[in-house]
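A.B. asks: sequence first, then the predicted structure, then my questions.
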Amino acid sequence: MPLAIELKSITKRFGTFVANDNVNLAVERGRIHAIIGENGAGKTTLMNILFGLLQPDEGEIFIDGKPMALPDPSVAIAAGIGMVHQHFKLVPSLTVAENVFLGMEIVRNGLIDHAAQNEKTAALSKQFGLSVDPTERVGLLSVGIEQRIEILKVLVRGARTIILDEPTAVLTPQESRELFQTLRGFVVQGMTVIFISHHLEEVMEVSDTVTVLRLGKEVATRPTKGLKKSELVQMMVGRSVSFDRRPRQPTTGWPVLEVRDLWARDDRRLPAVAGVSFDVHAGEIVGIAGVAGNGQTELAEVIAGLRPASHGSITLGGSTTLGGKSIVGLSARDIRAAGLAHVPGDRMARGVDRHAAIASNILMGRQDQAPWSRRGIISLTYLRQQTEALIKRFDIRAQGPDAPVKSLSGGNIQKVVLAREFSTDARFLLIDQPTRGVDIGATEAIHTEIMRQRAEGRAILLISVQLDELIALADRILVMFAGRIMGDLAGEGVSEEELGFMMAGASRDEAAALAEVA
Amino acid sequence: MTDRLAALSGQALAILLALALGAVVILTVDENPLTVLTTLLRGAFGSPDRIAGTLLQATPILVCGIAACISLRGGLFNIGIEGQLFMGGFAAAWVGFSFALPPFIHLAVAIVFAAFAGLLWIAIPAWFRARYNANEVVSTILANYVAILITSYLTINIFKAPGGLSETPPILPSAWLPEFFSFSRLNWGLVIGLVLAVATHFFFLRTASGYAISEMGANPKFAEYGGIDIKRQGFFVLLASGAVGGLAGGIEALGVHHRFMEGFAPGFGFDGVIAALLANGSPLGTIVTALFFGALRNGSLLLEVDTTASREIITVVQALIILAVSAQITIRRKASDSTAGERRWKF
C-alpha cells in the first residue's frame, strides 16, 4: 500500500516543553490509522502540525509521497487533508447545507444557490451514509448529527485523508458505532482516516493500524490485528518504573472515608461511576489506577461535592455512629468543613486563579476563617506570613507571595495547590493526578510531601493514570474500568502486568492468570 | 507594575487616536477641531461654575459606574442600571413628596427607598440567573424599558403635579441633598459617590466577601471548587449592583431635580456601564472615567452655544473613544490571554 501521509522526525517545542519529540508517522492509504495516547501525549499537536495549524520546529511532511510545507490549513486542505476538531465550529442559526458550504457557497447570478447546495449536500450524505436533512437548522440537531455535518464540511472540500480528533468524546455509544460504520465506508471508497483517541476499546474495534504516543514520543506502530489490549495499555502508560517504592511504617488506622455502592453520571448523562465501594483509612494511601476516562474524574468530583451522585453513600470522618458525616448532597463548602482537602485533576481550570497572586490562591476556601480574616476583613500580614512560610516549606520557585501564578512553571503551580490543600487540618486528602505535566524533580518533591502527609495520619485517596506513581506511593491500589472497581490489590509487590490487564477490563483472577502466562 | 503601566499607556494612546479621528469628523462639518477642543475644555473646566457643572454631570455616572463595577467584578454584567436608576429616582421622589418627616431622617428614608427600589428591580433577573441560568444581560436590558415606561405611567397618570409638565409634585426640602454652592446644583451626592467608590475599592481589596466575589469573576470553577456557592453569591452580587443603581437615581432626584419627571435621566446608566468597563471594573478608576464623561457632557453644552458644531458631534467623538479603548483592551487581552484579573496584594 502506498503512503497517504508520512511524517518524518517531527519535533515541536512550546518553550521548554517538548510536545512532539522526533515523532515518525507513516499512514497507508485506505486504512483507518489510530493514534492513541494519554492526555498530553502529543496527539493533537501532531495532528495540528499535519493540518497546518502549527509549524514543526524540525522534521518533514510528505503527502502522497511529495514533500510539503504547510504554512496554514488552506494548503493542507488543498492537498486533500481534512480535520474534524474536538469542538465543532458550526453556526446554529444556519441550515445544514449552509453550514457545509460556509465560506465556499455555490453562487448563481450573485446569489447563493440554495437548491444546488441542498442537492450536493444530500448527494454527499447519501454517498457516505451520513444521514442528514440539508434544510434543517443546525441549532435543533443533536451532537451526533453536528459531527456528521463537520465531516460533510471536510468532504465537500475534497478531503481524501480525514483526521478526527477524539471524535467519540462527545458521542453516546450508539452514535459512536454509527460513526465507526461511516469511517469503514470511507476506507472502502479509497479514503484514509486518522483517528485520535485514548479509548482502547474503540481503537481495537475500528482501526487497522495503531500508533502509540507517550510523553511526546512515538512508542510503537503496530497492526491492530493480533494486538492485545493489555499490550496497548502498557505501551500507553509505559513499562519502566522510574520511581522506587517509598519505604513506610505499616499503619492500622480507622476508616476516615467510606464509599458504598456509589453511582454517578458524566456530562453526557451516561453512567460513569457504576456501583463503587471502598474505604480509606487514616495513615493509608489508597491508589486508584485506570486508563483516563474510566470514571476516576467523576468519582473525585462526586466526593468533592462538585458533581451529584445518582445513588449510594459517602461518609467522611468515620461511620456516622462514630461521629462521621454523610456528605452525599452536601455543598463543596460543607464537605471541606467536614474534613476534605482536594488537589483537583484539572489544575489550571479548577485548582488556581492563574492571573492572581500566589497569596490570593493560598487564601481560597479559608477566606472567612480566623486568623485568615477577622470580622470579614482579610489579614494581609497573616496571609503574607503564611504564604511566605508555605513557599519555603514547599520549595515553590517564585519571586514572592505576590508573584502571579501564571508566571510559575507547571510543577510550581501544582506546589501552590498542594501548599494550600495540605496546610488545612483536613483528615482526608483527595489527590487527583498530582504530577501530571510536572518535571521529575518536582515530582520527587511532591511524592515526598504526600508520604509525609501519610505519616501524619491523614487518609489519602490518590488518583493517577501513572502506574509507577501508584506503585511508589500506594498502600492499596483499586483498579477502575468502565466505572467499576476491578480489584483491590496490595501496593506492595504488585506487578505492572497484572495492573495492566485489569485496566483493560480483566477480572483479578483472569489478570493473575494472564500475568502468569506473560 | 509594568503590565499596568503598559495597559495605561495603551489606553492613553487609544484615546489620542480617537481624538485624532474625531478631529477628522469635526473637519467634515467645517469646524476647526482646535476651536472645538478648546471650547469643550472651556465648557468643562473654564470657571468654578463650569467645573461644578462637570462634577454634577459626573456624579450619577460615577454611582452608576460603581453599580456596574460590582457586577463586573463578580463576572456578571448588569446592563440594566438605567432601569434601576429610574426606579430608584421615582421611589426617592415618592418618599420625598408623600411624607413629611424631620430633615435628614426624611433624606435617609428616601435614600434607603431608592436603593431598595433598585434592588427589587433587579431581583427578578437575578433570580432567573440563579435559578434558571438565564443570561442577566438580556433580562436586565429588557427590564430597562419596563422601568422607564412604568415610572412614566406613574408620573403622568397617578402622581402628576398640576400644570402642563409631566412631573411629580416637588420633593419637600427636608429630603433634599444639601448643595455646596449658591451658583451650582452640585450637592452631597458627589461625596456619597466618592465615599462609595473608596468603600467598594476597599471591599474588593480587603474583605473576605470581596475576595470570594472577585475569584468568582476571575475563575468560577476555582471558586466553586473552593467552596463558594456561586449561584447564591451571584444572586446577591446582582442585588447589590441593582441597589447602587437605585441609589444613583435617588441622588439625582433628591440632589438635582427635586422631583421625578419624564425623561428623568439621559443615559446616565449606560454611561456608567461604559465608564466602569473603561476602568476595567476598578471603582477608583471609575472616578476618573466618570469625570471624563461628565466633562464631555458638560463641555458639549457650551459647544452648542459658542460654535456651529452640535452636541451630537461630541457623542460621535465619545463613541470613537469607546471604540478605540475597547479595541485596545480586547487586543491586549488576546495577546496576554488575561481577563480582568489583576495582581492582588502587592506586598
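C.D. replies: Arrived safely, thanks for sending. Numbers count the residues shown, from 1 in each chain, chains lettered A, B, ... in the order given.
A.B. asks: show the average pLDDT along stretch B:130-148.
C.D. replies: On average, the pLDDT along stretch B:130-148 is 93.
A.B. asks: how far off centre is that stretch?
C.D. replies: Counting by CA atoms, centre = their mean, to the nearest Å, stretch B:130-148 is centred 18 Å from the centre of its parent chain.
A.B. asks: quick check: closest non-adjacent residue to the closest residue to chain A within the stretch 101-250 of chain B.
C.D. replies: Across the stretch 101-250 of chain B, no residue is closer to chain A than B:Gly227, which sits at 3.3 Å (CB to the nearest CB). Glycine gets a C-beta too; all of them are placed from N, C-alpha and C. Excluding its sequence neighbours, the residue lying closest to B:Gly227 (CB to CB, 6 or more residues apart in numbering or on different chains) is A:Arg333, at 3.3 Å.
A.B. asks: do the same with B:Leu291
C.D. replies: In space, B:Leu291 is closest to B:Ala58, 4.9 Å off (CB to CB, 6+ apart).
A.B. asks: next secondary structure element downstream of the helix or strand that contains the one you found?
C.D. replies: Assessed by DSSP states H and E, B:Ala58 sits inside helix B:48-73. Using DSSP H and E, the helix or strand that follows helix B:48-73 in sequence is helix B:81-98.
A.B. asks: mean confidence for that following helix?
C.D. replies: For helix B:81-98, the mean confidence score works out to 97.
A.B. asks: now for that helix, which elements pack on it?
C.D. replies: helix B:48-73, helix B:105-132, helix B:136-153, helix B:230-252, helix B:268-278 (3 or more CB pairs under 8 Å, 6 or more residues apart in numbering or on different chains; DSSP states H and E).
A.B. asks: chain center to it: distance?
C.D. replies: Offset of helix B:81-98 from its chain centre (CA atoms, centre = their mean): 15 Å.
A.B. asks: what comes up buried for that helix?
C.D. replies: Neighbour counts over helix B:81-98 (16 or more other CB atoms under 10 Å in any protein chain shown) mark B:81-97 as buried.
A.B. asks: below-threshold pLDDT in the stretch 51-200 of chain B: ranges please.
C.D. replies: Flagging of the stretch 51-200 of chain B using pLDDT under 70 yields an empty set of residue ranges.
A.B. asks: what parts of it come near chain A?
C.D. replies: With the criterion set to CB under 8 Å from any CB of the partner chain, the stretch 51-200 of chain B never comes near chain A.
A.B. asks: in the stretch 51-200 of chain B, what residue is nearest chain A?
C.D. replies: B:Gly75 (11.6 Å).
A.B. asks: quick check: that residue touching B:Glu215?
C.D. replies: No: between B:Gly75 and B:Glu215 there is no contact under CB atoms under 8 Å: 9.5 Å.
A.B. asks: neighbour count winner among those two?
C.D. replies: B:Glu215 (29 against 21; other CB atoms under 10 Å in any protein chain shown).
A.B. asks: next one: A:Asn99 relative to A:Pro134, how far apart?
C.D. replies: Distance, A:Asn99 to A:Pro134, by CB to CB, to the nearest Å: 10 Å.
A.B. asks: same question for B:Thr39.
C.D. replies: To A:Pro134, B:Thr39 is 61 Å away according to CB to CB.
A.B. asks: kindly report the same for B:Gln318.
C.D. replies: For B:Gln318, the distance to A:Pro134 equals 47 Å [CB to CB].
A.B. asks: ditto for A:His447
C.D. replies: Computed as CB to CB, the A:His447 to A:Pro134 distance reads 57 Å.
A.B. asks: B:Ala93 too?
C.D. replies: 59 Å.
A.B. asks: now the helices and strands packed on helix B:81-98 as a markdown table including mean neighbour count?
C.D. replies: Below are the helices and strands packed on helix B:81-98 laid out as a markdown table (neighbours: other CB atoms under 10 Å in any protein chain shown):
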| stretch | mean neighbour count |
| --- | --- |
| helix B:48-73 | 26 |
| helix B:105-132 | 21 |
| helix B:136-153 | 18 |
| helix B:230-252 | 26 |
| helix B:268-278 | 26 |
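A.B. asks: got CSV for these, with distance to A:Val170 too?
C.D. replies: What follows is the helices and strands packed on helix B:81-98, written out as CSV (distance: least, CB to CB, whole Å):
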stretch, distance to A:Val170
helix B:48-73, 32
helix B:105-132, 24
helix B:136-153, 27
helix B:230-252, 25
helix B:268-278, 35
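A.B. asks: nearest to A:Val479, of the ones you listed?
C.D. replies: Closest approach to A:Val479 among the helices and strands packed on helix B:81-98 is made by helix B:230-252 (34.8 Å; CB to CB).
A.B. asks: pLDDT of the closest one, averaged?
C.D. replies: For helix B:230-252, mean pLDDT rounds to 97.
A.B. asks: if we can go back for a sec, more crowded one of A:His447 and A:Pro134?
C.D. replies: More crowded of A:His447 and A:Pro134, by other CB under 10 Å: A:Pro134, with 23 against 17.
A.B. asks: hmm, back to that, the residue of the stretch 101-250 of chain B closest to chain A in helix, strand or coil?
C.D. replies: Of the three states, B:Gly227 takes coil under DSSP: H, G, I helix; E, B strand; the rest coil.
A.B. asks: quick check: pLDDT value at it.
C.D. replies: Predicted confidence (pLDDT) for B:Gly227: 94.
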